[in-house]
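Asks: Structure, please.
(2 chains)
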Amino acid sequence: MSNLLPKKEKELLQKEYFIRLVIVILWLLTGSTLLSIGFMVPSYVVLEVKKNTAEEQINLLNESILNKNSAETEKKSNTIIVKVEVLNKQDKISLANFVNKIIESKPTEVHITDFLYNKVQKKDTADKVITIRGTADERDSLLKFKYDLSKSGLFKEVNLPLSNLTKNEDVDFLVNLTLKEEIKTN
Amino acid sequence: MFPLQKTKRALIISILVFFIVFSLNAFFVFFIYKERDVVSEMKEGFITELKKEKQLSSIKNLIKTTEKEQTNLNLCFVANDAVVDFIKSIETMSKNAGISMSIKSVGVSDTETIKEIPVETLIIEFMTEGSWVNTYNFLSAIENSTYEITIDQMSIDKISDSVTGKKTWKSVFVIKVIKI
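Replies: Numbering: from 1, shown residues only, chains lettered A, B, ... in the order given. Just a heads-up that it's a prediction; the model follows:
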């Protein structure tokens, strides 16, 4: 077939063809994009419904929590927790039991005139110390008293200064008893 | 003559329409993803709130069912408005034990706040005078009191009256009790 069109017209025609092809492709793309938007509409509707439902449920739940006086309940439970914690921290010893044990261990020849209970602060602990003051008719009775206290198992340390043993009769004495438990202060 | 100008205009319009539709699509996709995140966050929030609500209900039930234990627990502490009642109870103990008693000082120390609950230590110093047995009974009574009393310091001294020769025991106690 003979080519009747001039070269310039031919180029114009090719350009026209290319542009039209691009237009068709663009419209096809536009159409498919519109279609995808159309497909997304149900998802959007479902999401909106879910969102509204969740909002309603949360509101209902919040109302229910508010009706239950959550702040008051929280305060009550906190008070109970704090009280239990504080109770657990307390170092409870029975001084009456210790005093009773000292009296039980005391020979009749030993006479107590003073009891002193105190806490002696150490580095990060405090020793509980009972100091007993009194008189003993004989030195041996005092030594027996000290021995019995040491064997009672209640005291970490039974300290009878040697200066208390200089006299044989009518001995004035002072005994320091360190209780077995330690109090943690730090 | 080919209508090239007309075709070019159609191309420009097509490009514009495509970009508008494409932008709309992108916006829609972004919007749906955002909404999906919001819904999933709301669901998570709902589950958390639901758990909170269930916990609250169980705590409420627990508080209801342990009322007796709570009453016993409350007896261990001095209520904020019951300091006088506590002092009176110590005085009653001394009367019951048969010893005389006088309060030297009442103070508060170690004030701290735990979980928004103010916790204070009430310190009371008092002197007693009586027989050994009565003083010992008083000491036992303090230690066996429903209040969680800690004896911080104690001194019991035997005193002999120089005129009558009568022997009594004078004591000084420093006790601590928690005030909540």
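
Asks: domain parsing for chain B?
Replies: B:1-65, B:78-179 (automatic domain parsing).

Asks: Buried deepest among these, which one?
Replies: Most buried of those by mean neighbour count (mean count of other CB atoms under 10 Å in any protein chain shown) is domain B:78-179; its value is a mean of 16. The way it works is simple: take the backbone N, C-alpha and C, and place the C-beta from them, glycine included.

Asks: average pLDDT across that one?
Replies: Across domain B:78-179, pLDDT averages out at 90.

Asks: re earlier: Throw the domains of chain B into CSV and include distance to A:Asn176, thanks.
Replies: What follows is the domains of chain B, written out as CSV (distance: least, CB to CB, whole Å):
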stretch, distance to A:Asn176
domain B:1-65, 48
domain B:78-179, 14
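
Asks: Between these, which one is closest to A:Arg20.
Replies: Smallest distance to A:Arg20 across the domains of chain B (CB to CB): 6.3 Å, for domain B:1-65.

Asks: Where does pLDDT dip in chain A?
Replies: A:1-2, A:181-186 (pLDDT under 70).

Asks: Which parts of it are helices?
Replies: A:7-67, A:70-89, A:95-105, A:139-151 (DSSP state H).

Asks: Pretty sure B:Asp152 sits against A:Lys119.
Replies: Yes: contact criterion CB atoms under 8 Å: B:Asp152 and A:Lys119 qualify, at 7.3 Å.

Asks: quick one, what contacts B:Ile63?
Replies: When contacts are counted by CB atoms under 8 Å, 6 or more residues apart in numbering or on different chains, B:Ile63 touches A:73, A:76-77, A:80, B:70.

Asks: out of everything not next to it in sequence, what's closest to A:Ile130?
Replies: Leaving out its chain neighbours, the residue that sits closest to A:Ile130 by CB to CB, 6 or more residues apart in numbering or on different chains is A:Leu177, at 4.5 Å.

Asks: how near is that neighbour to A:Glu109?
Replies: Counting by CB to CB, to the nearest Å, the separation of A:Leu177 from A:Glu109 is 19 Å.

Asks: what's the helix or strand for B:Ala10?
Replies: Assigning secondary structure by DSSP states H and E places B:Ala10 in helix B:4-65.

Asks: Excluding chain neighbours, give the residue nearest to B:Met42 in space.
Replies: Nearest non-adjacent residue to B:Met42, counting by CB to CB, 6+ apart: A:Ala54, 4.0 Å away.

Asks: cool, A:Lys50 as well?
Replies: B:Val39 (5.0 Å).

Asks: Now do the contacts for that neighbour.
Replies: Neighbour list for B:Val39: A:47, A:50-51, A:54 [criterion: CB under 8 Å, 6+ apart].

Asks: List the buried residues of the longest strand seen in chain A.
Replies: The longest strand of chain A (DSSP state E) is strand A:169-184. Across strand A:169-184, burial judged by 16 or more other CB atoms under 10 Å in any protein chain shown covers A:171, A:173, A:175-179.

Asks: Equivalent analysis for stretch A:52-64, please.
Replies: Those would be A:54, A:57-58, A:61, for stretch A:52-64 by 16+ other CB under 10 Å.

Asks: Reformat those residues as a markdown table; add distance to B:Ile90.
Replies: Putting these into a markdown table (distance: CB to CB, whole Å) gives the following:
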| residue | distance to B:Ile90 |
| --- | --- |
| A:Ala54 | 59 |
| A:Gln57 | 56 |
| A:Ile58 | 54 |
| A:Leu61 | 50 |
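
Asks: Check whether A:Asn62 really touches B:Leu50, as I assumed.
Replies: No: taking CB under 8 Å as the definition, A:Asn62 is not a contact partner of B:Leu50, at 11.1 Å.

Asks: Find the nearest non-adjacent residue to the residue positioned nearest the centre of chain A, please.
Replies: Geometric centre of chain A, nearest residue: A:Glu85, 10.3 Å, by CA atoms, centre = their mean. Counting by CB to CB, 6+ apart, A:Glu85 lies nearest to B:Ile114, which is 6.9 Å off, once chain neighbours are set aside.

Asks: that older thread, next, find the distance separating the residue nearest to A:Lys50 from A:Pro42.
Replies: The separation that B:Val39 has from A:Pro42, given CB to CB, amounts to 15 Å.

Asks: Generate a ChimeraX selection restricted to the buried subset of the contacts of B:Ile63.
Replies: Those of the contacts of B:Ile63 that count as buried under 16+ other CB under 10 Å are selected in ChimeraX with:
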select /A:73,77,80
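
Asks: now, among the contacts of B:Ile63, which is nearest to A:Leu28?
Replies: Distance to A:Leu28 across the contacts of B:Ile63 (CB to CB) is lowest for A:Thr73, with 64.2 Å.

Asks: in terms of contact, does that closest one touch B:Ser57 like I think?
Replies: No: using CB under 8 Å as the test, A:Thr73 is too far from B:Ser57 to be in contact (9.4 Å).

Asks: Appreciated, that's everything.
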